[in-house]
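> When you get a sec, could you give me coordinates for this:
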Amino acid sequence: EAFSGKVTFSESFSNLLDSPALTVGTPIYYGNEIVGAVLIHSPVEGITQGYIKGLRILLICIIMALVVSFVVSYLLARYFSKPLHKMTDTSILLAEGNYMAKTGIERKDEIGVLAYSIDELSTKLFEAGKESEKLEHMRKDFISGISHELRTPLAAIITELELAVNVNRNVEEYRSALCKTLSDAKKLVRLSNNLLDLAKASYDSSEISFKQTRIDE
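Reported below is the predicted structural model:
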């Protein structure tokens, strides 16, 4: 086949090598004339060893690729899961009333935006808590003051009534005591009305009505 001008191969050209071999034959040209042929023999055993070595290298590469992919997957999972766990812990602390809790996460991706929102919520809840404490303190001061304001005329009324019952007085003294008692009673009514108006203003969204009144009254 080589002398006919073909480049060809054979797996059983000759038993001279006493082992399976591949033989490749190619013609030698002198001008346009074939003057000879070159035969190259390669034992199959060497090819098999090369094939096995190639498989071994492929297996090592596959194992290395698996190890690298596992490490990369672990790092990526940690990169995403760690801030999520921290945001979860921060949310739990906020739900428990710890408005000082912060995520402390500074990133420029979606997770960073979510962490920023949680930190902003923490700040606003902390400010709202401070405002609530301030309002509660004002409420206690108001209740204390109003209790004192109610107690003063009530004590005066009780005193005047006790004196009226236990002490003999003339008509003018009784009239004076009744006038003072009436004045204190009106003061109690006015304070009660103020409390009712305040409660209504706190819980009712209705508009305040205006009417003309005398300044001197």
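> which other helices and strands contact the helix ranked longest in the chain?
Selection of the longest helix in the chain by residue count, based on DSSP state H, yields helix 110-166. In this structure, helix 110-166 packs against helix 44-95, helix 171-203, with contacts taken as 3 or more CB pairs under 8 Å, 6 or more residues apart in numbering; DSSP states H and E. Placement of C-beta: from N, CA and C, glycine included.
> just how off-centre is the shortest one within its chain?
Mean C-alpha position of helix 171-203 versus that of the full chain (CA atoms, centre = their mean, to the nearest Å) differs by 56 Å.
> Of the helices and strands packed on helix 110-166, which shows the lowest average pLDDT?
Ranked by mean pLDDT, those end with helix 171-203 at the bottom, a mean of 80.
> Give me the residue at the spatial middle of the chain.
Central residue check for the chain by CA atoms, centre = their mean: the C-alpha nearest the mean position is that of residue 87, 4.2 Å away.
> for the helices and strands packed on helix 110-166, which one sits closest to residue 30?
With distances scored as CB to CB, the stretch of the helices and strands packed on helix 110-166 nearest to residue 30 is helix 44-95 (32.5 Å).
> Same list (the helices and strands packed on helix 110-166) but as CSV, adding distance to residue 210.
As requested, these are arranged in CSV below (distance: least, CB to CB, whole Å):
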stretch, distance to residue 210
helix 44-95, 44
helix 171-203, 13
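> thinking again about what came up before, tell me how far the residue nearest to the centre of the chain lies from residue 75.
With the distance defined as CB to CB, to the nearest Å, residue 87 ends up 19 Å from residue 75.
> what's the neighbour count on the closest residue to residue 180 other than its chain neighbours?
Of all residues beyond its chain neighbours, the one nearest residue 180 is residue 160 (5.9 Å), with distances taken as CB to CB, 6 or more residues apart in numbering. Neighbourhood size, residue 160 [other CB atoms under 10 Å]: 19.
> and if you look at residue 82?
Applying other CB under 10 Å, we find 12 other residues in the vicinity of residue 82.
> Any figure for the gap between it and residue 107?
For residue 82, the distance to residue 107 equals 11 Å [CB to CB].
> Pull out the buried residues from the helix or strand encompassing residue 23.
When secondary structure is defined by DSSP states H and E, residue 23 falls within strand 21-30. Judged by neighbour count using 16 or more other CB atoms under 10 Å, the buried positions of strand 21-30 are 21, 22, 23, 25, 27.
> Quick check: the first one touching residue 43?
Put plainly, it is residue 21. Yes: in this structure, residue 21 sits in contact with residue 43. The criterion is CB atoms under 8 Å, and the distance is 5.0 Å.
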